[in-house]
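In: with the input below, show me the fold.
(chains A and B)
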Amino acid sequence: AQSVTQPDIHITVSEGASLELRCNYSYGATPYLFWYVQSPGQGLQLLLKYFSGDTLVQGIKGFEAEFKRSQSSFNLRKPSVHWSDAAEYFCGHINTGTASKLTFGTGTRLQVTL
Amino acid sequence: NAGVTQTPKFQVLKTGQSMTLQCAQDMNHEYMSWYRQDPGMGLRLIHYSVGAGITDQGEVPNGYNVSRSTTEDFPLRLLSAAPSQTSVYFCASSYSRGGEAFFGQGTRLTVV
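Out: The predicted model follows:
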């Protein structure tokens, strides 16, 4: 089955340090790819998405992600993390061969130390 | 706009009881979905709908029923609750197939 994988369950970074969260997808064609963030006790909020075109995508809150077809990856990055970025991050995808199933990886919990 | 509204926010059920989790959106979105969130499992898709009268199964549909009689509402029914259905449930909607999904605040369900 087509899916996305987030290999890091938990990441801790210092405030001001750079961040990269990994996401790999397993599907032959290019799916629609997304990154969502979930703050404690809240629903999910879209950070950015990729359908086609420019492989470097800019999102909200200073986040960006790069689609790399050769590595089947869509990693999320931020040059300088703020304490308020502590949350859980989910990579999501829609298989372009199906109707509209948006499915997610297992998530990466980000902890930010001061 | 209220966005996506889920009720109730919290619920405790006894094994074997039935209940319906409500989800309503006021954004005229065609696409609606139900997810459950469990520790270490991320969000798993239960059922989804691409429009009124059209529903389909997601990754973990067993034990859950849905229907979509209107664009606005997408209720999730548990016919006979089991402890394995203890989870946090999220409803989401989007305008188009690849559009941004808007999530409700979640329903925390405990089955004892």
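
In: residues touching the residue of chain B found nearest chain A, list them.
Out: Relative to chain A, the nearest point of chain B is residue B:103 (3.1 Å; Cβ to the nearest Cβ). For the C-beta atoms, the positions are set from N, CA and C on the backbone; glycine is no exception. For residue B:103, the contact set (Cβ atoms under 8 Å, 6 or more residues apart in numbering or on different chains) comprises A:43, A:44, A:45, B:4, B:90, B:91, B:92.

In: quick check: nearest residue in space to it, chain neighbours excluded?
Out: The spatial neighbour of residue B:103 that comes closest, neighbours along the chain excluded (Cβ to Cβ, 6 or more residues apart in numbering or on different chains), is residue A:43 at 3.1 Å.

In: for the closest residue to chain B within chain A, grab phi and psi.
Out: Closest residue of chain A to chain B, Cβ to the nearest Cβ: residue A:43 (3.1 Å). Backbone torsions for residue A:43, taken as degrees, to the nearest 10, come to phi -80, psi -170.

In: low-confidence ranges in the chain?
Out: Since you didn't name a chain, this refers to chain A. A:1-2, A:27-30, A:96-100 (pLDDT under 70).

In: actually chain B
Out: B:1.

In: which one of the contacts of residue B:103 is nearest residue A:32?
Out: Nearest to residue A:32 among those is residue B:92, at 14.7 Å by Cβ to Cβ.

In: strands along the chain, start to end?
Out: In the absence of a named chain, chain A is used. Taking DSSP state E, the strands of chain A run over residues A:3-5, A:10-14, A:19-21, A:24-26, A:32-38, A:44-50, A:56-58, A:64-68, A:73-78, A:87-94, A:102-104, A:108-113.

In: other chain: chain B
Out: Using DSSP E, strands in chain B cover B:4-7, B:10-13, B:19-25, B:31-38, B:42-51, B:54-57, B:64-66, B:76-78, B:87-94, B:102-103, B:107-111.

In: now tabulate the ones you listed in CSV and tack on distance to residue A:65.
Out: CSV is the format used below for the strands of chain B (distance: least, Cβ to Cβ, whole Å):
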stretch, distance to residue A:65
strand B:4-7, 25
strand B:10-13, 35
strand B:19-25, 27
strand B:31-38, 22
strand B:42-51, 18
strand B:54-57, 28
strand B:64-66, 32
strand B:76-78, 31
strand B:87-94, 19
strand B:102-103, 20
strand B:107-111, 30
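
In: isn't the residue nearest to residue B:103 right up against residue B:101?
Out: No - judged on Cβ atoms under 8 Å, residue A:43 makes no contact with residue B:101 at a distance of 9.5 Å.

In: looking at the two, which has the bigger crowd around it?
Out: More crowded of residue A:43 and residue B:101, by other Cβ atoms under 10 Å in any protein chain shown: residue B:101, with 27 against 22.
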